[in-house]
Structure formats: C-alpha cells, structure tokens
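> Just the structure for this:
(chains A, B, C and D, ligands or ions: 3)
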Amino acid sequence: MDYKPVRTFNELAVKSLDEFVYGVAPNPVKTKNGMVIGGGTVYPEVNMTLPPMKIDESTISEVYKQYAEMIEGIVKRAKELYAPGLVVEVELLPETTMKPEWGFEIIKIMLDKMREYEEKYGLKSVLRCTPNDVREMIRPPYMRSGEMLESTLETFEKCAEYGADILSIESTGGKELHDEALINCDIKKVIFALGVLAVRDMRFLWSKIVDIAKRTGAIAGGDTACGLANTAFALAEQGMIPKVFAAVDRVAVVPRSLAAFEMGAIGPDKDCAYEGPYMKAIAGVPIAMEGKSAACAHLSSMGNIAACVCDTWSNESVQNVRLLSAPAPVVSTEQLIYDVRLLNEAAADGREYALKMRDWLARSDAKYDPQAYVLRPDIVLEISKELVKEQDAFLMTKKAASLAIDVIKRGIEKGEVMVNPREKKWLDIMKSQIETIPDDEEKFWYELQKGLDLTKWRPEEYGLTVSK
Amino acid sequence: MDYKPVRTFNELAVKSLDEFVYGVAPNPVKTKNGMVIGGGTVYPEVNMTLPPMKIDESTISEVYKQYAEMIEGIVKRAKELYAPGLVVEVELLPETTMKPEWGFEIIKIMLDKMREYEEKYGLKSVLRCTPNDVREMIRPPYMRSGEMLESTLETFEKCAEYGADILSIESTGGKELHDEALINCDIKKVIFALGVLAVRDMRFLWSKIVDIAKRTGAIAGGDTACGLANTAFALAEQGMIPKVFAAVDRVAVVPRSLAAFEMGAIGPDKDCAYEGPYMKAIAGVPIAMEGKSAACAHLSSMGNIAACVCDTWSNESVQNVRLLSAPAPVVSTEQLIYDVRLLNEAAADGREYALKMRDWLARSDAKYDPQAYVLRPDIVLEISKELVKEQDAFLMTKKAASLAIDVIKRGIEKGEVMVNPREKKWLDIMKSQIETIPDDEEKFWYELQKGLDLTKWRPEEYGLTVSK
Amino acid sequence: MATLEELAQAVLDGDETQVVELTKSLMDSGVDPQDIINKGLLAGMDKVGELFKNNEMFVPEVLMSADALKAGMNLVLKDSKQGQVTPKGTVVIGTVEGDLHDIGKNLVGMMLESNGFKVHDLGADVKAEKFIEAVKEYQPDIVGMSALLTTTMVNMKTTIDALAAAGVRDKVKVIIGGAPITQKFADEIGADGYSPDAASAVELCRRLLGK
Amino acid sequence: MATLEELAQAVLDGDETQVVELTKSLMDSGVDPQDIINKGLLAGMDKVGELFKNNEMFVPEVLMSADALKAGMNLVLKDSKQGQVTPKGTVVIGTVEGDLHDIGKNLVGMMLESNGFKVHDLGADVKAEKFIEAVKEYQPDIVGMSALLTTTMVNMKTTIDALAAAGVRDKVKVIIGGAPITQKFADEIGADGYSPDAASAVELCRRLLGK
Ligand SMILES: [Zn+2]
Ligand SMILES: [Zn+2]
Ligand SMILES: [Zn+2]
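Ligands and ions are numbered 1, 2, ... in the order given. Next up is the predicted model:
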C-alpha cells in the first residue's frame, strides 16, 4: 500500500523575504476558541514534564497530581502576566501513551483547568497533545501494525475527542538507521534514513493522524524530527560530531517533516528539530520554535535566531522542579511571555519593525555556528526555493544536504559564518559521499543493503523488500 | 561625626530621553582589563549561589569546589557563545563574610579562573565582589562599629587587593524599621526609614568603601536597596501588600541609593531593587539590571522594561543545581548572553534603533503593573528632574514618594497603567499620610519616636538621639 | 438595630470604631455573648482568613481587622461571664541559625496571632538550643522554622535532630517555610508540614491541630 | 625507515592503510612486537583518548582510529608469539526499563570498545532481571546504565536494588549517566560512579578499574 500525498508543494508559500517574519504565516490556523496562530501574534507555548518519579499503577494518582499542579501554576502565571493566549503542550511519556486511559486522564486534567481559566478570566489557551512514538519499544520496531501503533493512535483519538486542540508527535521512522549513521558521520546513510525511511513512515503515520483529526475536529499540527535532527544537534553540542554535519542533517530532514503537511497536517508545526522555518517557507504553516528560553532543556547556538519566524515560542520541555522563585514550569511560562511580548510590541509598530527585530535576532547568532546560519531567513528561502523544484522526497533530501553544504561553504568564504578549522574537511567528505548516491531510490536501496544491520530494523515496515 | 557627600547632583546627568538608553551611560566605567561598562555594549552579569548545603569548617572545601565548578561552567559557556565580555558577581554569604579568609578564597578561585580564560581565549571578564551586610547578625545591630562591620570591610579590602574589580553591597541600614513599616503599609515610617536612617547609614558605609576602593584600585560600584525595595516587591508579588505601595517604596529608595554616588561610588550600580534607572538618570553611572532572565530567582512584572536602560544584564542569583541541560548557572549565562546579543545588535544599527528597542521593552510591560510603570524611561526622567531640585535627602525621599503617587494616579486616569481596583484607595491613604510629615527632619524624628519600637534598632547608630 | 452580620462585616472592614459600637449595641440588646463572639466577631475574622488566603486582602488590612476583633472581644469578655478565649494553639517561630531574613517569619507570626494563635517569636539566627529551650518553656503545639538561604535551610534538619535528641520532638509538630523550601525537603528532614506562604501557614497550623 | 612515532600518528589519523604498512615495515625491521603494540599502536590510541576527552576529536574520527588500531593489532598478533591482548575490562551496558533513548548509551559502548574494553550491550528498555542475567553470564567488571527520562531514571535504583537482592551487587561497579542524572543522584541510589558524557565514561571506567 502506498500513502500518497494529498498536497504537494511546488512553489514557496512565502513569496519574499519581507513576508517571512514571526507571528505571520501564509496559512494561519484558527482554533476552536478563536485563537489564530500565525495571524499576527506570537503565542507562548509551554511544555512541561514530570520530576524524577516512576510511573505505574501505584504512582499514577501522584502523576495526575503533578500535572494538575503544573497546569494550575502555568495558567495562573499566564493570567497574571496577561498572556495574549497560550499554547500548552503535553508530550506524553511512553507509559502514558501505552496506556491510553492514563494519557487521556492527563489531557483531561489539563483541558479542564485551561477551560476554567478561559471561563473565569478570559485566558484563551489551547492544548497540543503529543503522544510518545512508542513503536520503538519493540526492537526492531513494527511501524505499521501492532499494539504499540494502536496505543499511539488510540491516545490521539481519545484525547482529540475530549477536545485536545492540536495533534503532534515526534515520530521516529528511520531513527534505527539514522542513529548509527550520525555517530559514524555517514551522510549517505543519513540521506537514506531520512529521504527514504523517514519519509515513508511519515506518510503512513500522518495519513492516520489526519484521519483522526478530521473525525474529531482536532487540528493536525505537525511532526518535528526530534529523534533525528535534534539528536544530531545534541551530539554536535557535546562535541561528538562536527557542527557542520549537524547543520546539514538539520536541512536534510526538511522533506521528511514536510511529509506531514503533504498528508494534510496544517500546523502549527512542532519545535525541537528547528526545521520549522523551512516548513513555513514551503508549506506556509505556522510553526513552534524554541530558543534561549529552552536553555533549561538544552543549551544551543540558536537562542535568538530560532525566533525569527516563529508563531509560537516554546521552552522545549521543563521538569516540575522547584527553583528559588517558583516551580520551573511557572518560570518558563514567565520567560516565554516576556519574550513574545517584545516580539509582538515590535510588530505592533509595523511590519518594517518586525523585520528589523527579525534581522537582529538572525544577525545576533548566524555568524557563530553553521546550525544557526542555516536558519537565517534569507538562507531558508534560498534553499527552500530550490527544494520545491524537486518533487521526489528522496531526491529532495539529497538536494537539501547538498545545498546546505554549498551554502555553508560559501558562508565560510564570505566570512559570514565561523566554522572550526577541523570541521571544514567534513564539508568535503560529505560532498564527495553525496556525489556517489544514485538518483534512483531503488538502486540506492539495492546498493546500501549489504552494509546495513538488518537486525536493527525491518525493511518491510517501510515498504522495502530485501534483494535475494 | 557627619559623613558629608563629596559630590551632589543638582541636575540630571542624562539630558534627554533620546540619550537614555541601554548600554550607554553618561559616565562609563573602565575596568583594569579595558572593558568599558556603559560605553556602548551591554554585558551579561552572572550571579550564582550554593545549592542547599551547610557552610562550616568541615564543608568549606566543598564550598570552594562548588564555586570552582560554577565559574568553570560559566566562563566556558561564555567563551563558547562569544560573550562580548562578562561580569561575574559573587554575593558572599554571611558565613563567608564573617570569616574574611573564606570569602577571599572564593573570590580568588573565581578570579584565577577568569584570568585563565582571558589569557587562553581572550574572554574579558570582571568580578563584582558583594560581601553580605552582616551587621544585621547582631540584633539590634551596631551599624558603625564592632566585629561585624570590621569583617565586612576586611572582606572588601582583602578581595580588592587580590583584584576584585567592582565593590558592591546590599546594605541594610534602616531595614529594622522598614520591614515593619512595609507590613503595615505605613508610608510615614517608610519615608523615615529610607530618607533618614538608610541615607545616613549609606553615607557612613560608603565613605569607608570608597576609601578601600581608592587604596586598592578597585571600582566602588554601588548599593541596591535589596533588603528594602526588593522586599516590598516580593511582598507585593505574593499579594501581601498593594503593588502601588511597592511601586512608591521603590521610588522612595532613590535618595538612599544615590548616597553611594554622592560619597564617591562610580558604578556600575547593582541590580535587585530596580532603582538603577534613577541612578543613571541622576548620577550618570552605568547600571546592572535584572528582568526576565532572573525568573529563576524571582518572578516579576518587570521582565522586559528592566532592560530599557541597563548596562549589564543580570540573573539576580541562581543556585548551583542541575537542570536537564546543564547546571543552572550555565543556563543563566546562556540566557543572558542571548538577551544582550539582541540588545547590542539593535544598537549596532544606530541609536535610533536602540531607542526603538528600548521603547518596545518599556511598552511591553509598563501598562500592566505600577512597579513597571515607574520604570518607564520618560517617567524616570520626569521624576528624577524634580528630585534633583531637592538637596536634602529626607525631603527628596518624601518628594519621591509623593511624585510616584501622583504619577501612578495620572497613569491610571490616562489609562496607561492597570491597577487593581482594591489597590486604588491605598494611593489616597499614602498621599494623606505623607501630607502629615513635617519638612524638618529633627521634628519628624521627634514626632515619630513614641511610636517606634526601640528594642529593634539603635538610634545612636544613625547619629540620632532619643528625646527626654 | 445592629445585627451579627453587620458586626462581622465591620471586623472584615477593619473598622475598630464600628466594631466597638456594634458590639456594645448587641450586648445592650441582650444578644448571647457566645453568639456575638462566634457569629459576629469570629465569623468576620474567618472571612478575613479566607480572603487573605485567596489573595483578596492585604496584610495591613488583616492587621486592622485583627485589631478591630480584639477591641470587640475585650468588650464582650470584660462585660460577661465568658472566660478568656483560649488560643487556637501555641506556636514558637524563628528563623534558623545563620539566617537573617525575618520578614517572612514575622508575617507568619502576625497572621497566626490575627487568627487566634498564641505566638512566641524567637527572632532570626536562632540556634537549635534556643528552640529546645522555648519548647520546654512555652510547651507549644507547633514549632515553625524559616530560612531564605540554601546554606541555612540545612539547619532545619539540625534543629529537628536536636529536638529529638532533647526528647521533645514528639511533643510538637514542626513546620517549615521560606523561598528554597519544598514539600520534598520537608519530607526528607522529617518536618510535619511545609507552607509556601503566610496565608497557607495559618491553614497548615489549623489543619495540624485539627481546628 | 618507519618509526614508532609515525605508527602512533597513523593511528591518530585513523589511516588504516598507513597503519598496516607501517606495522609491516616495523615488524620486518625486527622491532620488538611489544614495542610496536605499546609504543606505536596503543600510544596512538592513548593520544586519541586524550583528544576526544578534550573535545578535540569527533566520534567518527575515534572510530576510524579504533579500526586502524585493530588492523595493526591483528597483524602483530597473527605474526608473533603475543597472545590475545586482554581487554582492559568487561562492561555490560543498557538503557533502563521504560526508556528508549539509546544513542548516548551506544556511544559509550563504542568509545569503551575503542579504548580496549570488552562491551556487552543489552540494548534499550532493559529490565532489572536482564541486567542480573548478564552479570551472571558475562561476569563484567562494570555495569553501566543510561536513562534520558526523569521518569525512568528511578529504574536505576530498582536495578541496583535487584542486583543486591540477587547477590551480585558487590561483584560489579555500577556507573550511570544520561541527561537528568547528577552525581548527587548517583550517590543517593548507591551507584559507584557517574559520567556526564561518553568521553568521561571511558575515564571513569579506567579509574574504577585502576587502569
Ligand atoms: Zn523533542
Ligand atoms: Zn520537544
Ligand atoms: Zn538582592
């Protein structure tokens, strides 16, 4: 069975650099309670997780209590700071996805409190429900059937029925191979993992999620390549792999993440892997991004530039631990609200000033790291413009990697981006490896097969057959 | 003995609203290693403290290890993020002030690592040494003599001799009375505590600190009314006292904090009590401020507006606890660096844009809280201009409170600031209380005496004699 | 004619003059002194506690209500066969050794007093021995400790241990509070309760004493 | 004429062809195989370890060096009376129950192998029983556990307790790592060591085994 895109993108949704700015998306998304994401206002998106604790039958009531405490703190602070609206994201954990009734109860607790604050104080908020991709729990994973997939979909369905506004996931198709390719800095396997495996899995999975959204009236949000590009980023940040490799990987996930929108998702896209600006440029969807105010979750070299074209501004995820001032989710809520206040104030003075703000955000980071550099709005548009000429996702992935390399090389030459001298050779290594990749997907698969460890993943789960 | 100001301010150092902006102070301060604070660039100022642990002979080596770990993390991240320079503040604790050799060892650990990073990587950094005002340890405190005062001054001296760049303190003169006045919302006692007690103690203490700075080549920084106005702010934030009361208290500390500069301090002023913008306007000194990136230490209603005219940007203080990403001091370092990057990028486009940025920062907060409102740059200048007409510190304090009330009332009328309806009456209560305060300081003291609990503080330590 | 509701409202308003007048008037009308106290004065103060807990009253307002309450109580007690009103409980409070921050602790003390507790405030920088002495002397129901510094909060455990060593730990409930304190820390050091702010501290004391 | 320094450099460069050539040449010149191993091949790999620890080499570069090393070792061992090189130690690793994040754990495994340890990787979502079985089967010196979630890190304690209950806790050193893990947590649950990253994990294992 083939999962055919319902939409394709052969031109950019964002027509010019002057239209590419935070708060405004070509195709804004309107929520049930009337919030418009991408319609001119950047909203804070707060994401929170449990402190160190076990999740099982004996602790589940404590788990509920934790979420109740977190959402109470968050909406209370959002109200006190007059948030213009709020997106609350719950990334369910494996345990609370595998037992959909647990995940449902959590979502219900959150939604009930959010509704209470909307009624009592007029605080508008929407919930992004992000189940865990538990298919990974079984190794090698079954991607298209089985209990794990069913639990994930049931969680979506139950939560959406109760009113979860936005459905998202960080799906892991292709990760089995991508992890290994990353550690070895093997760009060929990266391109296969992303352009073939991940894209195929995205199409499968998002056809299901979009169906659920349609049935329940929820919004099919988007799917960030967290387990893929965000892993690359974390490894680079630790000095394990070159930053240029992570930068190229980040651009190479674009066709994979775009697949959600090809299957009918409409945004807001999810944060984490920082591919959002490309999604906005190509598909015109509003996007969530995370930067300096996600430093509680991870350090990064993209603290400001990540905000250039964001529509919601996220803290990635923060544990419910107590800081000197307040529980950490409350601290995040406050920081995000101040960040978006500033963005929205600048925009209130006119588009011209929003663009100024965007350019300062970009300029402040772009030169220091290739991963930041490939997020520069003009570079996003430049690369995206080439990508939409390519309709085949595999070829688009290959092209994305190749373009990223070229752009970074040019940036180094022009003195626009600093790259550690010992990283530079990796640009050449990647480039020459990419040149050996055939343009035919099947042929590529045939060539690669022998070198792959097929105890780690199941080709048939991606619609691939092993030769001989 | 009377401690006479060496300088007085009878006109504003900042001549117009267009010169009142972050990064630029009329009288910049140059450090030994060539950093210029207030000379065009905003610097991050990172402040850190110990995690829960006891400080005594048996743990002191672990204390040193903690500081070593913190400074290593901070300068490493500052270097990785290409900080334009860095201010490190150590607020010594009571134990490490009462034993000056402990405080000295901590400062030495910090300075040695900072110098190493300057030599190896060219990261310029300076240390602000802030001993604790341990005079409070004895109740009622001896303000002008005794072991506690000597320890504090010895700590200053030893650390400055080793090279601590900036000397600061959060002195507590007047706090004995101010605490009680705050809880009772008694503006008369507030004015006496600030305009008489605190001012007198500041003059005494800062004559000593300025002497030490002169002898050692250190910079006499400044003294924020943390125990005074910041306490008011914390109480208001918890809903214990009206925000309008805290806002008025914040303006009323201006003459008290100005005393440091009258005695010869030159800045950068310390953060915490948010009176810095008034110091900059009147004395022209560069100032440290804290806002949204200090949310780890306390929530606030001034997250953005606090940055309008800052010269260093601080996290107030963060415990050395581990967050998901990194130890909290490293997280703060990262957040502050991104914040100042943005400010400095906007300013790099020209003064016009720095002013735009300033106005967005101001506008984003000013309307939501009277405490934010009194930090609006135009309002700071408006009030400051009246204050410099008054040379007597007590009368200036009375005037400051009165002007703050008028400005907030006008703001409410003009719809420029939101004040909870049940707070409004407190503006009238304060106003009518102030009207009963005589213009003669001695007379005021005579009137108040009977109503004061003189077991809590010693009038003679403030040069006051009790009648009959 | 004065009503008990009006009296309660006058307490809530912190209007001492009004409370005195209404109390007198009710007494003159022969209303049961028990009712004046419980359905008038204390009912008003209960409302104060509730509003304060919900952040709808400021501390100075609560203090004014407490003063008004006291004035009314004095009148009734002086003029009737009612004995002294017994306090809801006795609480010893102090900021722990090494810590100078006492405004939070003071606030808790004032709020407890306003709500009918007898409070002995030991001040700031209070050594464990001083807490032990106070427990022996005042025989409180509750010992409340406060700390604002991460480096002094550990002295709460020292104090609890010292109370145990002195054989008085099980004679009192121990409650703690202050910026760096969490429920988890309270559990770890074996405290009986934790309160994030002054308003909740009153609630906590009530709950611990079953009142 | 090839030198031991050149051989070490070739290992550092991860240049397998070069390593093979230089090793052959050195053997042909009659250099003591012990010296070829210790002063050439392993000396190069030690330098790799040092650079990696200082963030001056990337993982793929370390892996290339490890491959080059292996090729050189095989040549020497095949052609001399040297027995197999005994591993520096045996390590069992796994991501704890409920946790799917294994790239950090994989990295630790690879780095340990590159540095001469024998590694048994139990994969992700590893139950305590599986760790116990592995300890019984492989008799490792060290058990390494990884977790990325705050909700699974608690399973590290469960596992350590289970190792104790099975009577094998004192036969191994237990080390832990992962984003939410701290030294404090390691101390609390009674682990023998904690490592913040893959490079330090190698160091930690060396230190624990006194090598
Ligand atoms: Zn993620
Ligand atoms: Zn995420
Ligand atoms: Zn302070």
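> Flag the shaky bits of chain C, pLDDT-wise.
For chain C, applying pLDDT under 70 flags the ranges C:80-84, C:211.
> residue contacts, the residue of it found nearest chain D?
Of chain C, the residue with the smallest distance to chain D, taken as CB to the nearest CB, is C:Glu188 at 10.7 Å. No exception for glycine: its C-beta is placed from N, CA and C like everyone else's. When the contact criterion is CB atoms under 8 Å, 6 or more residues apart in numbering or on different chains, the partners of C:Glu188 are C:Lys157.
> need the next SSE after the one helix or strand it maps to, C-terminal direction.
With elements taken from DSSP states H and E, the one containing C:Glu188 is helix C:183-189. Sequence order places strand C:193-194 as the next helix or strand after helix C:183-189, per DSSP H and E.
> Look at residue 22 and say how many residues are nearby.
Here I'm looking at chain A. 29 (other CB atoms under 10 Å in any protein chain shown).
> Let me rephrase: I mean chain C.
Counted with other CB under 10 Å, residues neighbouring C:Leu22 total 24.
> mind showing which ranges of the stretch 51-200 of chain A have poor pLDDT?
When the per-residue scores of the stretch 51-200 of chain A are filtered using pLDDT under 70, no range remains.
> and it, which residues reach chain D?
Proximity of the stretch 51-200 of chain A to chain D is assessed by CB under 8 Å from any CB of the partner chain, with A:51-55, A:93-95, A:134, A:136-137, A:139, A:179-180, A:182-186 identified as the residues in range.
> Show the buried residues in those residues.
A:51-52, A:54-55, A:93-95, A:134, A:136-137, A:179-180, A:182-186 (16 or more other CB atoms under 10 Å in any protein chain shown).
> How about the contacts made by the closest residue to ligand 1 within chain C?
Taking CB to the ion, ligand 1 has its nearest neighbour within chain C at C:Lys184, 26.8 Å off. For C:Lys184, the set of contacting residues under the criterion of CB under 8 Å, 6+ apart consists of A:Arg322.
> Then A:Ala252?
If a contact means CB under 8 Å, 6+ apart, then A:Ala252 has A:Val190, A:Ile191, A:Leu194, A:Gly195, A:Ala229, A:Thr397, A:Ala400, A:Ala401, A:Ala404 as its contacts.
> Counting neighbours, which of these comes out on top?
Of the contacts of A:Ala252, with other CB under 10 Å as the count, A:Leu194 tops at 32 neighbours.
> now, which of the contacts of A:Ala252 sits nearest ligand 3?
Ligand 3 has its nearest neighbour among the contacts of A:Ala252 in A:Ala229, at 41.1 Å by CB to the ion.
> and the closest one, what pLDDT?
Each residue has a pLDDT score; the one for A:Ala229 is 96.
> how close does the residue nearest to the spatial centre of chain C get to chain A?
By CA atoms, centre = their mean, the mean C-alpha position of chain C lies nearest to C:Leu112, the distance being 1.1 Å. In this structure, C:Leu112 and chain A are 24 Å apart, going by CB to the nearest CB, to the nearest Å.
> Pick out the residue of the stretch 1-150 of chain A closest to chain C.
Nearest to chain C in the stretch 1-150 of chain A, going by CB to the nearest CB, is A:Pro51, at a distance of 8.5 Å.
> Who are the contact partners of the spatially closest residue to C:Lys173 that is not a sequence neighbour?
In this structure, C:Lys173 finds its nearest non-sequential neighbour in C:Asp192, 4.3 Å apart by CB to CB, 6 or more residues apart in numbering or on different chains. Residues in contact with C:Asp192, defined by CB under 8 Å, 6+ apart, are C:Lys173, C:Val174, C:Ile175, C:Leu208.
> so what are the domain limits for chain C?
As assigned by automatic domain parsing, chain C contains the domains C:4-82, C:90-209.
> measure the longest one end to end?
If I follow you right, that is domain C:90-209. Distance across domain C:90-209, first residue to last, is 10 Å (CA to CA, to the nearest Å).
> And for stretch A:123-136?
One end of stretch A:123-136 to the other measures 37 Å (CA to CA).
> ok so, going back, tell me the most buried of the domains of chain C?
domain C:90-209 (a mean of 21; mean count of other CB atoms under 10 Å in any protein chain shown).
> quick one: the residue nearest to C:Lys173 and A:Glu150, what's the gap?
According to CB to CB, to the nearest Å, C:Asp192 stands 47 Å off from A:Glu150.
> sorry, back to before: quick one: closest of the domains of chain C to A:Tyr43.
Distances from A:Tyr43 to each of the domains of chain C were compared using CB to CB; the minimum, 26.2 Å, belongs to domain C:4-82.
> quick one: the strands in the chain?
Assuming you mean chain A. Using DSSP state E, the strands of chain A run over residues A:24-30, A:36-39, A:43-49, A:86-91, A:125-130, A:166-168, A:219-222, A:288-290, A:312-314, A:318-319.
> wrong chain, I was asking about chain C
C:90-95, C:118-121, C:142-146, C:173-177, C:193-194.
> and of the ones you listed, who's closest to A:Val210?
Per CB to CB, nearest to A:Val210 of the strands of chain C: strand C:193-194, 47.5 Å.
> So A:Lys280 versus D:Asp67, what's the distance?
Applying CB to CB, one obtains 42 Å for the distance of A:Lys280 from D:Asp67.
> ok, back up a step: same list, the contacts of A:Ala252, but as TSV with distance to ligand 3 please.
Formatted as TSV, those follow (distance: CB to the ion, whole Å):
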residue	distance to ligand 3
A:Val190	50
A:Ile191	54
A:Leu194	50
A:Gly195	54
A:Ala229	41
A:Thr397	53
A:Ala400	50
A:Ala401	50
A:Ala404	46
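> Nearest to chain D among these?
Proximity to chain D was ranked across the contacts of A:Ala252 by CB to the nearest CB; first place goes to A:Val190, at 12.0 Å.
> Chain neighbours aside, what residue packs nearest to the closest one?
Leaving out its chain neighbours, the residue that sits closest to A:Val190 by CB to CB, 6+ apart is A:Ala181, at 4.5 Å.
> ok, now C:Ile37?
In space, C:Ile37 comes closest to C:Val76 once its chain neighbours are excluded; the distance is 5.8 Å by CB to CB, 6+ apart.
> What separation do you get for the one you found and B:Gly267?
Taking CB to CB as the measure, C:Val76 falls 60 Å from B:Gly267.
> Would you mind listing what in chain C touches chain B?
Remark: the part of chain C in contact with chain B comprises C:55-56, C:58-60, C:63, C:98-100, C:102-103, C:106-107, C:110, C:123-125, C:149-151, C:153-155, C:158, C:180, C:185, C:197-198, using CB under 8 Å from any CB.
> hmm, 6 Å instead?
Chain C has residues C:Asn55, C:Phe58, C:Val59, C:Pro60, C:Leu100, C:Ile103, C:Thr150, C:Thr151, C:Met153, C:Val154, C:Asp197 near chain B, with proximity defined as CB under 6 Å from any CB of the partner chain.
> List the contacts of the first one.
The contact partners of C:Asn55, taken as CB atoms under 6 Å, 6 or more residues apart in numbering or on different chains, are B:Gly239.
> ok, now how distant is C:Thr159 from C:Gly94?
With the distance defined as CB to CB, C:Thr159 ends up 9 Å from C:Gly94.
> which residue packs closest to C:Gly104, ignoring adjacent ones?
The spatially closest residue to C:Gly104, leaving aside those adjacent along the chain, is C:Ser146, at 5.6 Å (CB to CB, 6+ apart).
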